[in-house]
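Engineer: Output the structure for:
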Amino acid sequence: MPPQLKGPHILLRESRERDVAERLALGRDPDIARMFGASLEHAQSPLTEAEVVQMFEKIRKDEYGWVIEHEEHFLGEIGLRDLNKQDRKARLAIGLFDTKKLGRGFGREAIFLVLNYVFHELQLNRTDLRVLAYNTRAIRCYKACGFVVEGVERESAFIDNTYHDDVIMAILASEFKRPGGARIAGPRGKGQVSS
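Structural biologist: Numbering: from 1, shown residues only. Below you'll find the model as predicted:
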């Protein structure tokens, strides 16, 4: 299990038993589910306890997976996938599930905490991610965190009988460390977190 990472407004930590009930209480927001690539039918279906339990089991099994907590309540998850120590790279994945807290900078803060850990503690050189091209909110967030669009994987996601592009984005250690680079705005009106 990776260490806890604490920012000004959020805590990245291991999952706890009460997280299951808190995640269930948030339900499945259709718009959020669609941004993750869910079909319309799945996006509109009720969230089940089995799905939530499976989600937290996956977080617990991940060597670098965290729950995002805000004001002592579950907000989302963030983690590193496909960590390759030989090539010193990993893939970032994040999900926020409380619709009342979207757009307040908590995603940027969580990403900054993980990138700081990735580049300074794990000594990796590269962190990338893939995001559906229609998820413009996430793309804006990733760009604000210093990620650069490297390309588009055309028609790589088949959702509801329609093909959608994936955008491939990445940030390098040299970009994160450079003066003025990877400056991350904190929650709106609450100052800045920076590298």
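Engineer: Could I get the contacting residues of the residue nearest to Asn84 when sequence neighbours are not counted?
Structural biologist: In space, and not counting its chain neighbours, Asn84 is closest to Ala90: 7.0 Å by Cβ to Cβ, 6 or more residues apart in numbering. (Glycine included, C-beta is placed from N, CA and C.) Going by Cβ atoms under 8 Å, 6 or more residues apart in numbering, Ala90 touches Tyr64, Leu80, Arg81, Asp82, Leu83, Asn84, Val118, Leu122, Leu124, Arg126, Thr127, Asp128.
Engineer: Quick check on those: which are buried?
Structural biologist: Among those, those buried by neighbour count (16 or more other Cβ atoms under 10 Å) are Tyr64, Leu80, Leu83, Val118, Leu122, Leu124, Arg126, Thr127, Asp128.
Engineer: need the contact list for the first one.
Structural biologist: If you count contacts by Cβ under 8 Å, 6+ apart, Tyr64 has them with Pro2, Gly79, Leu80, Leu83, Ala90.
Engineer: do the same with the third one
Structural biologist: By Cβ under 8 Å, 6+ apart, the contact set of Leu83 is Glu63, Tyr64, Lys89, Ala90, Leu122, Leu124.
Engineer: Repeat that for the second one.
Structural biologist: Neighbouring residues of Leu80 by Cβ under 8 Å, 6+ apart: Asp62, Glu63, Tyr64, Gly65, Ala90, Arg91, Leu92, Ala93, Val114, Val118, Thr127.
Engineer: Relative to the helix or strand encompassing it, what are the paired strands and their orientations?
Structural biologist: Per DSSP states H and E, Leu80 falls inside strand 73-84. Within its sheet, and counting by DSSP bridges, strand 73-84 is paired with strand 65-70 (antiparallel), strand 89-96 (antiparallel).
Engineer: what comes up buried for the longest helix seen in the chain?
Structural biologist: Assignment by DSSP state H gives helix 49-61 as the longest helix of the chain. In terms of neighbour count (16+ other Cβ under 10 Å), helix 49-61 has its buried residues at Val52, Met55, Phe56, Ile59.
Engineer: contact partners of it?
Structural biologist: With Cβ under 8 Å, 6+ apart, helix 49-61 has contacts from Met1, Glu14, Ser15, Asp19, Val20, Arg23, Leu24, Gly65, Trp66, Val67, Glu77, Gly79.
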